[in-house]
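Asks: How does the following fold in three dimensions:
(one chain, ligands or ions: 2)
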Amino acid sequence: MTSLVLTITETLRYRGKLGQWAWALHRVSGFGTVVFLIMHVIDTSWATFYPELYVKAVDAYKTPLFTVGEFALVACVVYHALNGFRIALFDYRPQWWRRQEDAAKLVLLGTLVLLVPAFFIMTGHVVNYYNERVSAFDLGLEKVVEATAPFAVGTVVVIGLALIVSAGASLIPALNAPKKRLKGSKMETFMWSFMRISGILIIPLVFGHLAMMHLIQGVFDITRVGHVPVFTNLGPNMNETLTAVNFVRLRWDTMLAGVYIWRVYDILLLFLVTLHGFNGLRYIINDYIHNRLVNRALRIASFGTMIGVILVGALAILQSVPATTAEMLSEASRAIEMSINSGILVR
Ligand code: HEM
Ligand code: HEM
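Replies: Ligands and ions are numbered 1, 2, ... in the order given. This next block holds a predicted model:
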């Protein structure tokens with residue numbers, strides 16, 4: 001904790017070059033995106049497991065505070081992606097290292113060039129929504145608190161449990177013996193490469209996801225009755241009460257060349273982004289928390305949350321298959337029955 005305070009004060013005090021700010025921004029943007037990701041995957045899984053809760057969560061996404069957060073999130077992802085690409089590229093090209101400062105400037109410029117049109121289009125969606133569908137402006141603080149409180153409580157509970165497990169582990173001598181360095185460092189070398197390779201693979205996936213959810217359509221379209229969800233072929237979303245849930249269904253049930261295209265896309269996104277983000281979180285924990293018991297507790301909490309996020313996210317994507325397939329089958333048999341009754345088909 002002291003090292004975290006020291007890092008913040010020294011980052012502000014030290015008159016370093018652009019590289020120092022690039023490092024700080026990369027860390028803050030990566031951390032912010034992981035926090036969002038935990039909430040986002042759990043929220044999205046509710047579309048399968050607790051539809052009413054998903055409706056409430058998306059309702060909170062539409063409040064002005066979340067809209068500000070949405071802009072900040074897009075800025076974080078764009079900066080982190082471009083800067084991550086720079087890090088990965090320069091790590092494999094040591095002969096370019098003298099040009100680090102220029103590359104850091106280019107990343108800032110690239111971020112600006114992408115964000116200006118993106119924010120322009122996103123603002124258009126926000127303005128449309130307030131003009132067409134909102135009668136009175138409401139800050140929606142209650143909804144925001146209701147949507148975020150379970151995550152705050154969950155964080156405290158998970159860290160509390162992890163502290164107990166960590167205290168228990170400190171009583172087992174075998175777990176506290178010095179680590180074999182070779183094994184540890186091989187793992188770290190692998191993770192170092194994984195962060196670079198996964199980062200580069202994430203770029204098209206996460207940019208595509210953000211383009212679909214923020215540019216091609218707006219976040220508010222998730223709850224628009226009569227709207228055809230982005231890149232789907234199952235018709236408009238006509239569900240009045242569970243519009244948001246149906247939006248996810250229509251996306252996950254869309255097939256292209258016999259493949260549930262958005263399920264495959266989301267599973268890839270889920271695995272890559274979660275493994276990358278949580279390994280980044282482990283670096284941050286190790287850099288700032290040096291107390292052995294607390295460090296182990298936070299790593300246990302982070303590892304447990306990562307497994308939970310992957311399980312919940314993947315099950316949500318996979319589990320909705322039988323339910324919707326069953327629905328489609330019963331709808332098809334109802335249509336055949338009706339055709340027979342009206343004499344179009346003969347039994
Ligand atoms: C969009 C493409 C992305 C690229 C190209 C990328 C690239 C990178 C790179 C190269 C690193 C440095 C790894 C190291 O120091 O060994 C890193 C760190 C990190 N990334 Fe990403 N990343 C991307 C997306 C994401 C996303 C979506 C998240 C969140 C879910 C995330 C979270 C983090 C975190 C928390 C760190 C650790 C930061 C630190 O140690 O200061 N990244 N990323
Ligand atoms: C406010 C911005 C965002 C919105 C409105 C949004 C919206 C959605 C929606 C509607 C889904 C449901 C499936 C689908 O339609 O494909 C989804 C799934 C998903 N999104 Fe996003 N997304 C946002 C940002 C992000 C970001 C930045 C990431 C990565 C860091 C991300 C990662 C995912 C993942 C992994 C899934 C699958 C979730 C699961 O398996 O439960 N999303 N998103």
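Asks: got the contact list for the residue in the chain that ligand 2 sits nearest to?
Replies: Ligand 2 sits closest to Gly313 of the chain, with a gap of 3.2 Å, by Cβ to the nearest ligand atom. C-betas here are computed from N, CA, C, even on glycine. Each residue near Gly313 by Cβ atoms under 8 Å, 6 or more residues apart in numbering is listed here: 41, 44-45, 266, 270, 274.
Asks: Ligand 2 next: which of the residues you listed are close?
Replies: Among the contacts of Gly313, proximity to ligand 2 is found for 41, 44-45, 266, 270 (Cβ under 6 Å from any ligand atom).
Asks: Quick one: buried ones out of those?
Replies: Buried by 16 or more other Cβ atoms under 10 Å: 41, 44-45, 266, 270, out of those.
Asks: ok, so of these, who is nearest Val309?
Replies: Val41 (5.0 Å; Cβ to Cβ).
Asks: how about Trp23, what does it touch?
Replies: Listed by Cβ under 8 Å, 6+ apart, the contact set of Trp23 is empty.
Asks: To which secondary structure element is it assigned?
Replies: In the assignment (DSSP states H and E), Trp23 maps to helix 18-49.
Asks: how many degrees apart are the helix or strand following that helix and helix 18-49 in direction?
Replies: Once the chain leaves helix 18-49, the next helix or strand it forms, by DSSP H and E, is helix 51-61. Relative orientation of helix 51-61 versus helix 18-49 (axes from the mean of the first three to the mean of the last three Cα atoms, to 10 degrees): 150 degrees.
Asks: Show me what helix 51-61 is packed up against.
Replies: If contacts are counted by 3 or more Cβ pairs under 8 Å, 6 or more residues apart in numbering; DSSP states H and E, helix 51-61 sits against helix 18-49, helix 141-169, helix 243-253.
Asks: which residues are contacting stretch 260-275?
Replies: Contacts of stretch 260-275 (Cβ under 8 Å, 6+ apart): 37, 41, 194, 198, 201-202, 205-206, 208-209, 231-232, 251-255, 306, 309-310, 313-314, 317-318, 321.
Asks: Stretch 235-243 now?
Replies: Against stretch 235-243 from outside (Cβ under 8 Å, 6+ apart): 51, 55, 222-229, 245-247, 250.
Asks: Ends of it, what's the gap?
Replies: In stretch 235-243, first residue to last residue: 13 Å (Cα to Cα, to the nearest Å).
Asks: Tell me the buried residues in stretch 304-324?
Replies: 305-306, 308-310, 312-314, 316-317, 320, 324.
Asks: now swap in stretch 111-126 and tell me
Replies: For stretch 111-126, by 16+ other Cβ under 10 Å, it's 111, 114-115, 118, 122, 125-126.
Asks: so what's the residue of the stretch 201-347 of the chain found nearest ligand 1 up against?
Replies: Among the residues of the stretch 201-347 of the chain, Gly280 lies nearest to ligand 1; the distance is 2.2 Å by Cβ to the nearest ligand atom. Contact partners of Gly280, counting by Cβ under 8 Å, 6+ apart, are 30-31, 34, 195.
Asks: what about it, which helix or strand?
Replies: Assigned by DSSP H and E, Gly280 belongs to helix 261-288.
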